[in-house]
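Chemist: Please find the sequence and the predicted model below.
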Amino acid sequence: KRRERERTSSTEPGLLPGETVVREGKAAILFPSANEVFYNPVQEFNRDLTCAVITEFAREQLAQRGVRILIPGEKDRVVVRLSKEKNGNVDQETSEQPENEQQMEEEGDKKEFITASVGERCEQGLRVLEGLAASGLRSVRFALELPGLKSITANDYSAKAAALIARNAQHNNVSHILQASQRDASMVMYEARGRKERYDVIDLDPYGSPSPFLDAAVQAVSEGGLLCITCTDMAVMAGNSGETCYSKYGSVSIKSKYCHEMALRIILHSLDQRAAVYQRYIEPLLSVSVDFYIRVFVRVKTGQAVVKNSASKQALLYNCVGCGAFHLQRMGKKMSQGKHMKYSAATGPPVGPSCEHCGQRHQLGGPIWAEPIHDITFVQKVLGAVSGNPTRFRTSKRIEGVLSMVTEELQDIPLYYVLDHLSSTVHCNTPSMLQFRSALLHAGYSVSLSHACKNAVKSDAPAEVLWDIIRCWVSDHHTLLKGINNICKVTRLKVPCKWRYRLLKLRQFNAYKNVCDITNPEILHELHPREHITKGAMPCCAALEKRKSCCHAVKTRGARKHLFIYESRFSLLTILMDSKVSKSVFLILFLASLLCISLSLSLIQIISSSQLHQRTVFQLHTLCL
C-alpha cells in the first residue's frame, strides 16, 4: 500500500498521458504506462547500500585530488560525534573524519581545495558507468544523491530503455551529469580500456549472471577504481548446477550449508582470475549475501609483483558428504627468502581417502577465494556514515544491521558450520547458539557469527573439536537418538571424548549486540532472556509460548504417535518465575502444581496395574504426562 501511494497519477505536471511515476530516494522514475513498470522494491536495499559505499569511496579518492564532498545531513553527525566519547571501533573511525577535514583546511593555504555538493558537476570528480541501466533508476539516484561526480553513463542495449533513461534524466533535472547510451555493455567497457578513458566506478546489475561482462569490467575500471557486481543466479552458485557454475565462473559449486558464502568467494575468484590476465588484482571492500542475490564491491589495482600471489589466494575445497566437515587446499605456496619471495606449487591433499570423522567420501569443489572478503576499515567508515545520517536512506536500519554483522565476522576464517546441521547429523537436540559459542571460547578458540546464515558458526577450531563438543552435549543431556547408522563414527557416542568442554553460558558474551536478523529490516539485538532481562519482565503468556516452541517430539516405534515432552528447565515453576504474579498467588499455584503432579503419578500407577488394552494404557499415560 505504501508503494502504491507513492505512485502518482498522470495528472502530475510534466507527465505525458498514461505515464506513471515511481519514487525511490530522491529520484522520480517515469514509465510509459502502469503495465510496463519494471520496478523491484526488494532491490532498494541494494541501491541504498551502493550509494553508501560509493560515497565513502568518493571521499577517499577525491581527498587525494583536493576535493571535499558535502552530504546533506552529515554536518549534524560530525557535531554529535565530537560531543561523545566511546570506545567502539566505529566511533573512533567516524571521529577521525573531522580531523581529516581540518587537515585539508590547514593545507588550504598551500593548496587550494574544491568543495563538491550533491547534484553539481565536479570536473575533478568520478566517472561512473552503469552497464545495464534499464529504466535508469540507479543512475538517477547517483546523480541526485552522490557528490563529487563528473559524469554518469547509463547504458542499455534496448533503444526503448535508452529513450526512457534520457526522459528520466530530463525529468529529474540531471541531464548535465547523466548521459544515456544505447550500446552493448561489453563494447562500451572494451573501448574504455585506455588509461584516460577508464571509469572510476562500474556498476553491473544484470538479470542473472554477470560473467559475460567481467573480462571487460576489470579492464575498463581505473587504477584503484571500484567494481560493483551483483549476481542473481544463486541456483547455479549455490550448488544445484556445478558444471554450469564452472563454465561461467571457472569454479565448481557444492550444495552445502555454507553455499551463500561460497558463492561470494566464487565470484571473487572469478574476478581475480580475469584481472590477473592483465597484470591486475582485486581488493575486496565489502561482500554481502542478502535476499536472493549476492553483491560484491572490489577495488582493482595493477601490480605484477602482487599478481604472483594470486595462486596462493585461491583454494580447492574438500567437503564430506556425510558429516559436512570441510578442508581447504591452497592452489599455491609462497615462502620468504630474505628480501625476495619464492613461489611454488602447494602440497596436499589435506584429507585422506575418506573422512576421519564419519568415514564417508569427499566432494571436490572450487577453486574459491580463500582470503578475507571484507575490508573492515572501509566497512566501519560506511557504517559510521550511515548510522550518523539515518534519514539519508530508507533502509538505513537494515544497512546498519548487515554491516554490524560484517564487522564482527572472523576475517581469516573461510566458510562456516551451521549448528542445526551439526545436531541433525547425530539426531540430537540443538544446543543454544550461546552455549555452543561459549564452549568454543572456553576451549581457547575464536568464534563469530556470519551475515550469510542465521545459525552459522565461524571458528578456527578444527572439525574434531566441534564434534567432541556435540558428543559432550549429547552425553550430558542424555539425548534420545533414532535412526543412527552404527558405522558412522561421529554418531558413536560410546567413544569417549578426548576433552571435556564446558557448555556453560558466558554472562558477558554480548559482543554481537549490534547484530540484526538479515531477513528483518529492523535491528534485532541478540539478547539471551535469562541474562539480559530481569526476572519477572517477561509476561507469562509470552514465556509459555516460548517454551511450547522448544518442546520436541519423540516418535514411538510401532505406532504413529508423537509424545511431546517438556524438558525440566521448561517446567511450570520456571514459567511462573517469569510471570508477573504476587508471592501469595505464586505459592498457591505452586502448591496446585505439586498436587497435580502427585495425582498424575498416582493415576499412572493405577493404570499400569489395571488390565486394560496396551494401546489404551499408552494413551492414558500420554494424557497423564
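Modeler: Done, it's in.

Chemist: residues making contact with the helix or strand where residue 297 lies?
Modeler: Counting by DSSP states H and E, the element that carries residue 297 is strand 293-302. With contact meaning C-beta atoms under 8 Å, 6 or more residues apart in numbering, strand 293-302 is reached by 46, 49-50, 53, 218, 221, 223-232, 234, 237, 260, 263-264, 267-268, 271, 275, 278-288, 373. Just so you know, the C-beta spots here come from the backbone N, C-alpha and C atoms, and that holds for glycine as well.

Chemist: How about residues contacting the helix or strand just after it?
Modeler: Reading on from strand 293-302 to the C-terminus, the next helix or strand found by DSSP H and E is helix 304-307. With contact meaning C-beta under 8 Å, 6+ apart, helix 304-307 is reached by 276, 279-281.

Chemist: Neighbour-wise, which one of those residues leads?
Modeler: Using other C-beta atoms under 10 Å as the neighbour criterion, residue 281 leads these with 24 neighbours.

Chemist: Backbone torsions only: list them for that residue.
Modeler: For residue 281, the backbone dihedrals (degrees, to the nearest 10) come out as phi -140, psi 160.

Chemist: so it makes contact with residue 310?
Modeler: Yes - using C-beta atoms under 8 Å, residue 281 is in contact with residue 310, at 6.6 Å.

Chemist: domains in the chain, as residue ranges please.
Modeler: Domain assignment for the chain by automatic domain parsing gives 44-309+363-388, 416-530, 536-624.

Chemist: weakest of the ones you listed in terms of mean pLDDT?
Modeler: Comparing mean pLDDT across the domains of the chain, the weakest is domain 536-624, with a mean of 55.

Chemist: Quick one: distance of the helix or strand hosting residue 606 to the chain centre.
Modeler: Using DSSP H and E, residue 606 sits in helix 583-609. On the basis of C-alpha atoms, centre = their mean, to the nearest Å, helix 583-609 sits 49 Å off its chain's mean C-alpha point.

Chemist: Now that helix: buried residues?
Modeler: By 16 or more other C-beta atoms under 10 Å, the buried positions in helix 583-609 come out as 589, 604, 607.

Chemist: I'd like to know which elements it is packed against.
Modeler: Using 3 or more C-beta pairs under 8 Å, 6 or more residues apart in numbering; DSSP states H and E, the elements in contact with helix 583-609 are helix 572-578, helix 614-624.

Chemist: any idea how far the residue nearest to residue 119 when sequence neighbours are not counted is from residue 152?
Modeler: Leaving aside its sequence neighbours, residue 119 sits nearest to residue 144 (C-beta to C-beta, 6 or more residues apart in numbering; 6.2 Å). Remark: distance between residue 144 and residue 152 (C-beta to C-beta, to the nearest Å) = 11 Å.

Chemist: Specify which residue of these two has the higher count of neighbours.
Modeler: Neighbour count, other C-beta under 10 Å: between residue 144 and residue 152, residue 152 has more, with 27 against 19.

Chemist: quick one: the more buried one is in a helix?
Modeler: No - with DSSP: H, G, I helix; E, B strand; the rest coil as the criterion, residue 152 is assigned strand and is not in a helix.

Chemist: Was I right to think it contacts residue 142?
Modeler: Yes - between residue 152 and residue 142 there is a contact under C-beta under 8 Å: 5.6 Å.

Chemist: Mind listing the shared neighbours of these two?
Modeler: Overlap of the contact sets of residue 152 and residue 142 (by C-beta under 8 Å, 6+ apart) consists of 128, 130, 178.

Chemist: how close does residue 425 get to residue 319?
Modeler: 14 Å.

Chemist: now swap in residue 355 and tell me
Modeler: Following C-beta to C-beta, the distance that separates residue 355 from residue 319 is 10 Å.

Chemist: ok, back up a step: can you list residues touching both of residue 281 and residue 310?
Modeler: residue 272.

Chemist: Which residue, other than its chain neighbours, is closest to residue 343?
Modeler: Distance criterion C-beta to C-beta, 6+ apart; nearest residue to residue 343, sequence neighbours excluded, is residue 334 at 5.1 Å.

Chemist: What residues sit buried inside the helix or strand harbouring that neighbour?
Modeler: Assessed by DSSP H and E, residue 334 sits inside strand 332-337. If you call a residue buried by 16+ other C-beta under 10 Å, then strand 332-337 has these buried ones: 332, 334.

Chemist: Same question for stretch 430-445.
Modeler: Applying a neighbour-count criterion of 16+ other C-beta under 10 Å, one finds 430-431, 433-440, 443 buried in stretch 430-445.

Chemist: Export these as TSV, with columns for distance to residue 115 and secondary structure.
Modeler: Formatted as TSV, the buried residues of stretch 430-445 follow (distance: C-beta to C-beta, whole Å; DSSP: H, G, I helix; E, B strand; the rest coil):
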residue	distance to residue 115	secondary structure
430	55	coil
431	56	coil
433	48	helix
434	49	helix
435	54	helix
436	52	helix
437	47	helix
438	51	helix
439	54	helix
440	50	helix
443	54	coil
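
Chemist: what's the farthest-apart pair in the residues you listed?
Modeler: 430 and 443 (19.1 Å; C-beta to C-beta).
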